[in-house]
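Colleague: predicted model follows, preceded by the sequence.
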Amino acid sequence: MDQPKLGRLLRLMKMLTANNSLTVDEIAAKLSISQRSVYRYIDTFREAGFVIKKTDNFIKLDKSSQSF
């Protein structure tokens, strides 16, 4: 995995665990990536065992995930 991608994944993890809720559009804008890339990164977290919660278009990474 290249360093820019790893950096984006870590920034995304930080965003999804913060107290604020973000939409896919907001995440894409903050990371300067496409919406599709956001979904691919979220799939990467799911494959690693993280629980992703989506409520009213807001995405959060569940801190009770076993992977934490």
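Modeller: Okay, I see it. Residues are numbered from 1 along each chain as shown.
Colleague: alpha carbons only for contacts and neighbour counts from here, please
Modeller: OK.
Colleague: so for the longest helix along the chain, what's the average pLDDT?
Modeller: In the chain, with assignment by DSSP state H, the single longest helix is helix 3-17. Average pLDDT, helix 3-17: 89.
Colleague: before we move on, what about stretch 54-68?
Modeller: Rounded mean pLDDT across stretch 54-68 is 81.
Colleague: now do the buried residues in that stretch.
Modeller: Residues of stretch 54-68 classed as buried: Ile59, Lys60, Leu61, Asp62 (neighbour count, 16 or more other C-alpha atoms under 10 Å).
Colleague: quick one: the first one and Val24 touch, right?
Modeller: The reference is to Ile59. Yes. Here Ile59 reaches Val24: they are 7.3 Å apart, a contact under C-alpha atoms under 8 Å.
Colleague: if we can go back for a sec, after the longest helix of the chain, next one along is what?
Modeller: Counting by DSSP states H and E, the element after helix 3-17 in chain order, helix or strand, is helix 24-31.
Colleague: tabulate the CA atom coordinates of that next one in PDB.
Modeller: Below are the C-alpha coordinates for helix 24-31, written out as PDB (Å, rounded to 0.1, in the frame of the first residue of the first chain):
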ATOM      1  CA  VAL A  24     -19.700  10.900   2.000                       C
ATOM      2  CA  ASP A  25     -19.700  14.200   0.000                       C
ATOM      3  CA  GLU A  26     -18.100  16.000   3.000                       C
ATOM      4  CA  ILE A  27     -15.500  13.300   3.500                       C
ATOM      5  CA  ALA A  28     -14.600  13.300  -0.200                       C
ATOM      6  CA  ALA A  29     -14.200  17.100  -0.200                       C
ATOM      7  CA  LYS A  30     -12.000  17.000   3.000                       C
ATOM      8  CA  LEU A  31      -9.700  14.300   1.600                       C
END
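Colleague: closest to Leu9 among the buried residues of stretch 54-68?
Modeller: The shortest gap between Leu9 and any of the buried residues of stretch 54-68 belongs to Leu61, at 12.3 Å (C-alpha to C-alpha).
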